[in-house]
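Asks: Based on what follows, work out the 3D shape:
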Amino acid sequence: MRVEVILSPGEVVHHDLKGKTCVVIDVFRFTTTVLTALEAGMERFCPVEGVEEALNLKRANPKLLLAGERNALKIPGFDFGNSPLEHYGRAYAGGELIFSTTNGTKAVQSAKGAEEVVLACLRSAPAVAAYLAEQGRDVVFLPAGLEGRFSLEDTWCAGCITGLLAPEELGDGAQAAVLLYEHTPPEELANSAHGRRLQALGLWADLHFCLEYGVSSGVVIWDQDTGWGALARER
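Replies: A predicted model of the protein is given here:
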């Protein structure tokens, strides 16, 4: 297995995803929130880039639920923001979420062309590593970043999962991510650029929740053909 980590979201165009598993990571907070909503009973989710696209889908099908943020704040008229705590501890009897966020949903769309697209976060990191090892494909990690830029927490998470995989070959980005993971204490992740933004908004509970490690066995898969994603079914 060969593993690469894309250190800046804009660089994805320079990577060939064909035949590989692309793992999208947005620790603060999209991939954490999607995982939490699905584990709470939501059936599936659909990531879209634009707010108007999400609203149009809702107009066409009023049963759809809208979730997302701009500048880390809930979008007016949406049912949910982008906080995992809106879903944690809930028990939904199904439901379909349309998501639009600043960074994460764009990253998922950028993963088109991969053999499979997986969403990961710190809460699911060991479960995702086990799934990737089982699949056996080459892996490209796509940290969602912050407004097109490098992000500490997403790259750290990619380095963490790479270390769990112990692949035969590492690209330069993967080597850098592993070094970041090995030499940066996890408590420093809250002080990343995105972490400081959430702190300024008083979202400490979200930060603590997103930084919990290995507490979920869920693996989220996005189907680029249908545009919908869900939890992987147990074999």
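Asks: Contact partners for the spatially most central residue of the chain?
Replies: Residue closest to the average C-alpha location in the chain (Cα atoms, centre = their mean): T31, at 2.9 Å. Neighbouring residues of T31 by Cβ atoms under 8 Å, 6 or more residues apart in numbering: V24, I25, G104, L119, A120, C121, A144, V220. Where C-beta positions appear, they are placed from N, C-alpha and C, glycine not excepted.
Asks: what's the following helix or strand after the longest helix along the chain?
Replies: In the chain, taking DSSP state H as the definition, the longest helix is helix 152-165. Using DSSP states H and E, the helix or strand that follows helix 152-165 towards the C-terminus is strand 169-170.
Asks: Identify all contacting residues around that following strand.
Replies: By Cβ under 8 Å, 6+ apart, strand 169-170 touches M1, R2, V3, E4, T162, V178.
Asks: Show me what the helix or strand following it is packed up against.
Replies: Counting by DSSP H and E, the element after strand 169-170 in chain order, helix or strand, is helix 172-183. If contacts are counted by 3 or more Cβ pairs under 8 Å, 6 or more residues apart in numbering; DSSP states H and E, helix 172-183 sits against strand 2-5, strand 139-143, helix 152-165.
Asks: Buried deepest among these, which one?
Replies: strand 139-143 (a mean of 28; mean count of other Cβ atoms under 10 Å).
Asks: between that one and helix 152-165, how many degrees?
Replies: 160 degrees (axes from the mean of the first three to the mean of the last three Cα atoms, to 10 degrees).
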